[in-house]
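Trainee: Have a look; sequence and predicted model below, questions after that.
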Amino acid sequence: MSNDFTFSIKNICLDENYQPSDSTRITTNFANLARGESRQQNLRNALTMIDNSFNALAYWDNPKGDRYSVELEIISVDMRIEGNNQAFPSIEILKTHIVDHHTKERIEGIVGNNFSSYVRDYDFSVLLSEHNKGQSQFSIPDTFGDLHGKLFKYFVNSDTYKQHFKKTPVICLSVSDNKTYQRTGNQHPLLGFEYQPNESSLTEQYFKKMGLQVRYFMPPKSVAPLAFYFFGDLLNDYSNLELISTISTMETFQKIYRPEIYNANAVAGNCYQPNLKNQDHSLTQIVYDREERSKLAVKQGKFAEEHFIKPYQSLLEQWSANYAV
């Protein structure tokens, strides 16, 4: 069963000229920015915010705050089932590169950052709603996230992944607005104060099945903690510049998509509950359609059901039952 899936990787530069291809998941955050009349200005503004944020955190030997810039690459992962020529678009992530304008070096950053997946859209936007249809109390199917978690681990352990990337991925997400986070005494010079949630979230449990641990940190100059999902040791496996590339990129995206939390005018205190109804926040000069994005998640979840889950159901169940890292 070990050779039932093969992966191929495509990469495209995310710059101000980026235009999503027809096969790109439009729910991917950066694809949503790259549409409409403001497309180029959106991208230019977002990339400037990332560079400014990076230089503010990498302030040593950087007196003018202009030493570094960040280059972003969209990594699209297609999966092919053995014996079938059709590739299924499975995962889209971001890779960072850091350009040091003093030394003229281009330094490899972290892969992961933003994470989107058709099968995850299916799980959250199709399977969960069908499972709870007509139920008085919300519940989760017993095997929820099992297949997606195994496919993700299979990809990260694959030769394809290892040929393209030196380190395991770090995925950075927003905190949950129905959890409370308590600041701890632990403080990292770049990741900032560590926070701990009062309980585990469905997202945490889902990512745990992907093999990922989570820690919550509020970086210096930030107003709310971010969720960092990772393998191994987040604080020691990555360099300062690698960590800053993820913080600056993903906090910029969160300021655009979740301004009520990440562009709030008040900084999170010792005990913090995110609030998506918070009126005391600033908006970026970037156009983003949050409502359209949630509708598309359902549409793309149904695409996964129609083109992947249903046609290969018995093979997927058999593969999943036999899967071992």
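Mentor: Done, it's in.
Trainee: Now for residue 17, how many residues are close by?
Mentor: Burial of residue 17 is recorded as 11 neighbouring residues (other CB atoms under 10 Å). The C-beta positions use only the backbone N, C-alpha and C, and glycine is treated the same way.
Trainee: Ok, residue 137 next?
Mentor: Around residue 137 there are 5 residues (other CB under 10 Å).
Trainee: Same check on the one 5 residues further on?
Mentor: The criterion is other CB under 10 Å. On that basis, residue 142 has 6 neighbouring residues.
Trainee: Break down the chain into its helices, ranges please.
Mentor: For the chain, the helices defined by DSSP state H occupy 29-33, 39-57, 118-122, 128-131, 146-156, 159-164, 202-209, 240-257, 259-262, 290-304, 313-322.
Trainee: Next, the angle helix 240-257 makes with the second one.
Mentor: What it means is helix 39-57. Interaxial angle of helix 39-57 relative to helix 240-257 (axes from the mean of the first three to the mean of the last three CA atoms, to 10 degrees): 140 degrees.
Trainee: Summarise which helices and strands helix 39-57 is packed against.
Mentor: helix 29-33, strand 68-81, helix 240-257 (3 or more CB pairs under 8 Å, 6 or more residues apart in numbering; DSSP states H and E).
Trainee: go again using 10 Å as the cut-off
Mentor: If you count contacts as 3 or more CB pairs under 10 Å, 6 or more residues apart in numbering; DSSP states H and E, helix 39-57 packs onto strand 5-14, helix 29-33, strand 68-81, strand 87-100, helix 240-257.
Trainee: okay, and the helix or strand of this structure with the least pLDDT?
Mentor: For the chain, the helix or strand with the lowest mean confidence is helix 29-33, at a mean of 62 (criterion: mean pLDDT, DSSP states H and E).
Trainee: what's near enough to touch residue 107?
Mentor: Contact partners of residue 107, counting by CB atoms under 10 Å, 6 or more residues apart in numbering, are 68, 96, 97, 98, 99, 100, 239, 241, 242, 245.
Trainee: Scan those residues and report the most crowded one.
Mentor: Of those, with other CB under 10 Å as the count, residue 245 tops at 31 neighbours.
Trainee: these two touch, right, that one and residue 73?
Mentor: No: checked against CB atoms under 10 Å, the pair residue 245 and residue 73 is beyond contact range at 11.6 Å.
Trainee: mind checking how far residue 275 is from residue 256?
Mentor: Distance, residue 275 to residue 256, by CB to CB, to the nearest Å: 18 Å.
Trainee: Which one of these two is surrounded by more residues?
Mentor: Neighbours were counted for residue 275 and for residue 256 using other CB under 10 Å; residue 256 has more, 25 against 13.
Trainee: which ones are touching residue 138?
Mentor: 128, 131, 132, 202.
Trainee: need the helices of the chain in CSV with distance to residue 269, can you?
Mentor: What follows is these, written out as CSV (distance: least, CB to CB, whole Å):
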stretch, distance to residue 269
helix 29-33, 28
helix 39-57, 22
helix 118-122, 32
helix 128-131, 33
helix 146-156, 34
helix 159-164, 40
helix 202-209, 22
helix 240-257, 19
helix 259-262, 14
helix 290-304, 26
helix 313-322, 43
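Trainee: Among the contacts of residue 107, which one sits closest to residue 295?
Mentor: Nearest to residue 295 out of the contacts of residue 107 is residue 96 (CB to CB; 29.4 Å).
Trainee: Could you find the closest non-adjacent residue to the closest one?
Mentor: Spatial nearest neighbour of residue 96, chain neighbours left out: residue 109 (3.0 Å); criterion: CB to CB, 6 or more residues apart in numbering.
Trainee: Report the contact partners of that neighbour.
Mentor: Neighbours of residue 109 in contact, by CB under 10 Å, 6+ apart: 54, 70-73, 94-98, 167, 170, 238-239, 241-246, 249.
Trainee: Nearest to residue 315 among the contacts of residue 107?
Mentor: For the contacts of residue 107, the nearest to residue 315 is residue 96 (35.4 Å; CB to CB).
Trainee: picking that back up, state the pair within the contacts of residue 107 that is farthest apart.
Mentor: Within the contacts of residue 107, 99 and 239 form the most distant pair, 15.1 Å apart (CB to CB).
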